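>>> Have a look at this prediction, sequence included:
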Amino acid sequence: MNLVREGRLRVKPHRIIVVLLATAVVALVLSPIVHLLFRTLFSPDSVTRIVAAPSTWALLGRSVVLAVLVCVSAMTLGTALAWLTVRPAWPARVRTALLVTLCSTLAVPSYVAAFGLIVSTGSSGLLSNWLPDSFHVRHYPLAASWLVLTCCTYPYVLLTVRSAMLRECGSMEEAALSVGSSRTRAFFVILLPRLAPSVIWGGMLAGLYALADFGAVSLLGYETLTWGIYTRYETAFSRDEARALALILAALALVLISVMRLTRLRSASLSPTAPIAHHPVRLGGWTVPMVLLALLPVMIGTGLPIAGAIDWLSRHASPMQVMSQMHEPAWATMRLALIAAAFVPLLALPIAALHLGRAGRSRAFGRILTPLTLIGFALPGIVVAIAAVGLALGVDDAIESTLGLPLGNRLYQSHVLLMLGYAMLFLPEAVGPLRTGAMSIHEDQFDAASQLGGGPLLRFIRIALPQMMPAFAAAAALVFVTTAKELPATLILAPPGTHTLATRLWGAMDEAYFAQAAAASLMLLGVASVGLLAVLFFERRGAASQD
Amino acid sequence: MASHTRRSWMFGVAALSACTLLAVTLHAAMASPGKSAAAPQDTAANASGKLIIYCGRSESLVGELIERFRAETGIQVQVKYGKTGPLASLILEEGRRSPADVFFAQDPGGLGLLAQAERLVQLPHDTLEQVAYEHRDPMNRWVGVTGRMRTIAYSPARVKSADLPQTMMNLTDARWKGRIGWAPSNASFQAFVTAMRHQLGEDVTEKWLRDMLANGVRTFPNNMPIVQAICDGEIDLGLVNHYYVERFRTERGDELVANHVPQGDAGEGDICGALLVSGVAILESATNRAAAERFVAFLLSEKAQAYFAHETFEYPLSLAVAARENVPALGTLPARSIDLNQLGDLEETLVLLRKVGALR
């Protein structure tokens, strides 16, 4: 009887609702680009000027080189580190500490990491004794930008791959080992292809982050498209040109995303299995060297900035007083990041839901809609934020003119707009882990549930959500940390009077108030670590309730 | 089986509702950020709520001063900090809906853009008259608050004071090859090039820019990293605003960098020593005009001007207040005021910088 009601040939209304919701979310993410396109229509001469300038193509070339390099290195590093945090037999506390330490580089804004590298390799810096006097990182802009951005972005791969690895069945690897395969071979032949969607998604995030980065490339002197966009916004005269450059950047992102999809291994064949615990790997004598090697990028991404921060604070007469100035922005940062960490994954849920259950038409929608969410991530924050301002004012105008009531600013200047802005920028950070979580849920569970009379919503809540908890945790962690350090969109979209650690940090650093900048960056690391720890705790509780 | 499915179901619902509840309460809590810092209501000026300031100057520079204004007048203030250029763009984008009452800008470029778009109102005369004519808008739509001087920052350890260049023209000398830093995307640098074009002409400026590039000048995003690069030994000279050097000395507690103001050759002028102003304006869409005027008057008050002189090492522009002793004295310098009101001029500077390849 139930089988008849849930017949495969019927159009299922809940599927339509999910597709509509997912389309609405993707439309939100793409709205800044539509706005950009619309605005550039009114200044076609700026587009022709930009396209005709040879320097534009030089900027484009440098952007591509950097994005590809960062993507490849972050994929390699992140996957290796994910394996290191999941597979070896660590005591629980060591595992947590290792994971939080490895992810800490995500909390460091790229301009802080770049500045840390510049100062520590300078003539009076920490590393100056090991370097020749004539060595300056800024003489190697590409290599330095690549190093800094790899260190800042590998956690995207690490966290995404980790949550997939936790869901991955150990039995297939065990089977491979039992027929005499080496562990390395089992990793490359069995595990890696199954992890490929996560690895590629994390790599895309890393590469697109490099595309949209301004902080590191500007300090290290590597002039990319994003650099061109920011310098044009800085003078306020060249906004038309900035928009034209942003459109080129968006087109480039689209190309990169499509290319990545072409290079995908046959990962769609990933068949979901129920996770069976694997036997932990014993590292033995390799433990210490491997951990030290794993901590190397942390040393560069987090260690050098912390060392610099402590140095600056120690030069100040009353460091504790400087630190106490940062309490208020720390709370504001915590609040904003918490809300974003709950809100953005919630928005990503409909897109993840497209990947649930049997491969059908909705998964085809998923294949089209999911990569589109990446585009906002490739755009510099300032571009998305200014577009969001225009859109919000349009909405407010529409409300005013249709209702005939002067409502004042409703959407604009509200925290809702700020959250929508974060969603436009950071949605793919949540989509990635959630999609992997959804794909690895065994479809037979749904069939069984529907045979027993469970409705679609109940099935989703009872079967899908609990199994997606680790993925939810990874998504929340990523969004929490990146929201905490976000600067350009926060500056533009946050209601007046909102001051976060990132805005204090930037304001202090730009004007050479180094003690304040140091206090703000240490606080930022603290807030991010609290967020990561909370998420890990949440994740463990979620996993425990399943056992 | 049944019990633990129920448990996980309950966990899911509990987690989701907890998140939602948290989000709602926190949003509600944040919607009224001013309530924790309730100040006595000012009867005269503040009838319609908070004064909203868009501030292109860093919170580290002026945050404390704005707090003093709040404490002194009881006027509730909310500040949006940012870079001057993007904030000016934002105000233009916002149009009549702009919530901003006051725009406090780092450089006159952003103010001029808003003046040109007719987004500013005239300031009261008694406020304007505190500042010399050359440091304010001739049409009275903005007024200068502080001044910064263009100087050459240098490393006293690596450059002997006798060797220091006496005009900007000497910087193209082969001895400085690869040893100089500049920040072509920075508004202060662009103002300086504008001044150079006025004083020495287009051709001389263009040749100077090209010669500088040929001399291996290093490009930085703004002033701070230039001074840091001098401390790090990457470069020996940098074209900056004077107060960065003072800040580095205060912050680091050493004297790795110093300011140098070229005195110029006899008969030939020089651009160093040019005074660049930060300024403030009131927006035409301001809903809180009275409080805004009080804020502008406050910035030019003796207390605020003394704050700038002593805390941020800038030049007070109010005729009544003197600069701090350890900054290069204004009177003895070949300082020339730069007329930055001609915005088309600044745009031509950008065109020139792009043409020679200093900006891409």
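Received it, and whenever you're ready, just let me know what you need. No experiment lies behind these values; they were computed from the predicted model shown.
>>> list the helices and strands the helix or strand harbouring residue B:91 packs on?
Assessed by DSSP states H and E, residue B:91 sits inside helix B:84-94. Contacts defined by 3 or more CB pairs under 8 Å, 6 or more residues apart in numbering or on different chains; DSSP states H and E place helix B:84-94 against helix A:225-235, helix A:381-403, helix A:488-493, strand B:51-55, strand B:102-105, helix B:108-116. The way it works is simple: take the backbone N, C-alpha and C, and place the C-beta from them, glycine included.
>>> outside of that helix, which residues touch it?
If you take CB atoms under 8 Å, 6 or more residues apart in numbering or on different chains as the criterion, helix B:84-94 is touched by A:233-236, A:239, A:382, A:386, A:389-390, A:393, A:412, A:488, A:491-492, B:54-57, B:80, B:82, B:98, B:100, B:103, B:105-107, B:109-111, B:113-114, B:117, B:119, B:187, B:283.
>>> again, only this time at 7 Å
A:233-236, A:239, A:382, A:386, A:389-390, A:393, A:492, B:54, B:56, B:98, B:100, B:103, B:105-107, B:110, B:113-114, B:117, B:119, B:187, B:283 (CB atoms under 7 Å, 6 or more residues apart in numbering or on different chains).
>>> Report the contact partners of the residue of the stretch 201-350 of chain B found nearest chain A.
Per CB to the nearest CB, residue B:232 is where the stretch 201-350 of chain B lies closest to chain A, at 2.6 Å. By CB under 7 Å, 6+ apart, residue B:232 lies in contact with A:118-119, A:122-123, A:125, A:136.
>>> which stretches of the chain have low pLDDT?
No chain specified, so I'll use chain A. A:1-11, A:169-171, A:236, A:263-278, A:358-361, A:405-409, A:541-547 (pLDDT under 70).
>>> Chain B is the one I meant
Within chain B, the segments meeting pLDDT under 70 span B:1-48, B:264-273, B:323-344.
>>> How about the residues of the stretch 251-360 of chain B by chain A?
B:251-253, B:347, B:350, B:359-360 (CB under 7 Å from any CB of the partner chain).
>>> Inside helices: which ones of the residues you listed?
Among these, the ones falling in helices (DSSP state H) are B:251-252, B:347, B:350.
>>> so can I have a markdown table of those residues showing distance to residue A:402 and neighbour count?
As requested, those are exported to a markdown table (distance: CB to CB, whole Å; neighbours: other CB atoms under 10 Å in any protein chain shown):
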| residue | distance to residue A:402 | neighbour count |
| --- | --- | --- |
| B:251 | 54 | 18 |
| B:252 | 59 | 19 |
| B:347 | 39 | 16 |
| B:350 | 41 | 21 |
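>>> which one of those is nearest residue B:158?
residue B:252 (16.6 Å; CB to CB).
>>> Could you pull up the residues touching the closest residue to that closest one other than its chain neighbours?
Distance criterion CB to CB, 6 or more residues apart in numbering or on different chains; nearest residue to residue B:252, sequence neighbours excluded, is residue A:315 at 6.1 Å. By CB under 7 Å, 6+ apart, residue A:315 lies in contact with A:515, B:251-253.
>>> What residues does the residue of chain A found nearest chain B make contact with?
Per CB to the nearest CB, residue A:122 is where chain A lies closest to chain B, at 2.6 Å. Listed by CB under 7 Å, 6+ apart, the contact set of residue A:122 reads A:128, B:231-234.
>>> what's the farthest-apart pair in the residues of the stretch 251-360 of chain B next to chain A?
Greatest spatial distance among those (CB to CB): B:253 and B:347, at 42.0 Å.
>>> Tell me which residue lies nearest the centroid of the chain.
Going with chain A. Centroid check for chain A by CA atoms, centre = their mean gives residue A:429 as the closest residue, at 4.0 Å.
>>> meant chain B actually
Closest residue to the average C-alpha location of chain B: residue B:106 at 2.5 Å, with CA atoms, centre = their mean.
>>> so how far is chain A from that one?
For residue B:106, the distance to chain A (CB to the nearest CB, to the nearest Å) stands at 10 Å.
>>> Redo the contacts of residue B:232 as JSON lines? Include secondary structure.
JSON lines is the format used below for those (DSSP: H, G, I helix; E, B strand; the rest coil):
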{"residue": "A:118", "secondary structure": "helix"}
{"residue": "A:119", "secondary structure": "helix"}
{"residue": "A:122", "secondary structure": "coil"}
{"residue": "A:123", "secondary structure": "coil"}
{"residue": "A:125", "secondary structure": "coil"}
{"residue": "A:136", "secondary structure": "coil"}
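>>> And those, which of them are buried?
A:118-119, A:122-123, A:125, A:136 (16 or more other CB atoms under 10 Å in any protein chain shown).
>>> Any chance you could note which residues of the stretch 51-200 of chain B sit beside chain A?
B:52, B:58-61, B:78-83, B:85-86, B:88-90, B:93-94, B:97, B:99, B:109-110, B:113, B:185, B:187, B:190.
>>> Any of the residues you listed buried? List them.
B:52, B:58-61, B:78-83, B:85-86, B:88-90, B:93-94, B:97, B:99, B:109-110, B:113, B:185, B:187, B:190.
>>> Give me the contact list for stretch B:182-195.
By CB under 7 Å, 6+ apart, the residues outside stretch B:182-195 that reach it are A:231, A:234-235, B:84, B:106-107, B:109, B:148, B:150, B:205, B:217, B:219-223, B:226, B:239, B:241, B:271, B:274, B:276, B:338, B:340, B:345-346, B:349-350, B:353, B:358-359.
>>> count of residues packed around the residue nearest to residue A:167 when sequence neighbours are not counted?
Closest residue to residue A:167 apart from its sequence neighbours, by CB to CB, 6+ apart: residue A:440 at 4.4 Å. Neighbours of residue A:440 under the rule other CB atoms under 10 Å in any protein chain shown: 24.
>>> how about residue A:440, phi and psi?
With angles defined as degrees, to the nearest 10, residue A:440 sits at phi -90, psi 10.
>>> from what I can see it touches residue A:165, true?
No - if you go by CB atoms under 7 Å, residue A:440 and residue A:165 don't touch, sitting 10.5 Å apart.
>>> Now do the SS call for residue A:482.
Using three-state DSSP, the structure places residue A:482 in helix.
>>> and if you look at residue B:153?
strand.
>>> related to what we said a few turns ago, the residue nearest to the centre of chain B reaches residue B:277, doesn't it?
No - counting by CB under 7 Å, residue B:106 does not reach residue B:277; the two are 9.7 Å apart.
>>> so how far is the host helix or strand of residue A:73 from its chain's centroid?
Following DSSP H and E, one finds residue A:73 within helix A:54-86. Remark: helix A:54-86 is offset 14 Å from the chain centroid, using CA atoms, centre = their mean, to the nearest Å.
>>> would you turn the ones in helices among the residues of the stretch 251-360 of chain B next to chain A into CSV with distance to residue A:434?
Compiled in CSV, those are given as follows (distance: CB to CB, whole Å):
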residue, distance to residue A:434
B:251, 44
B:252, 47
B:347, 47
B:350, 45
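>>> If we only consider the contacts of residue B:232, which is nearest to residue A:159?
residue A:118 (27.7 Å).
>>> for the closest one, what are its contacts?
A:137-138, A:219, B:228, B:232.
>>> Return the distance of it relative to residue A:456.
55 Å (CB to CB, to the nearest Å).
>>> Check residue B:322 too.
Here the criterion is CB to CB. By it, residue B:322 lies 76 Å from residue A:456.
>>> ditto for residue B:352
Distance, residue B:352 to residue A:456, by CB to CB: 64 Å.
>>> Please apply the same query to residue B:86.
On the measure of CB to CB, residue B:86 and residue A:456 end up 46 Å apart.
>>> Mind jotting down where the helices sit in chain B?
For chain B, applying DSSP H gives helices covering B:2-30, B:59-73, B:84-94, B:108-116, B:125-128, B:187-200, B:202-214, B:223-231, B:242-252, B:289-299, B:302-311, B:343-356.
>>> Just give the number of residues close to residue 281.
Just going to use chain A. The burial count for residue A:281: 14, using other CB under 10 Å.
>>> looking at chain B here, not the other one
27.
>>> Same drill for residue B:322 and residue A:456, tell me which one is more crowded.
Per other CB under 10 Å, whichever of residue B:322 and residue A:456 has more neighbours is residue A:456, with 20 against 13.
>>> Alright, calling it a day.
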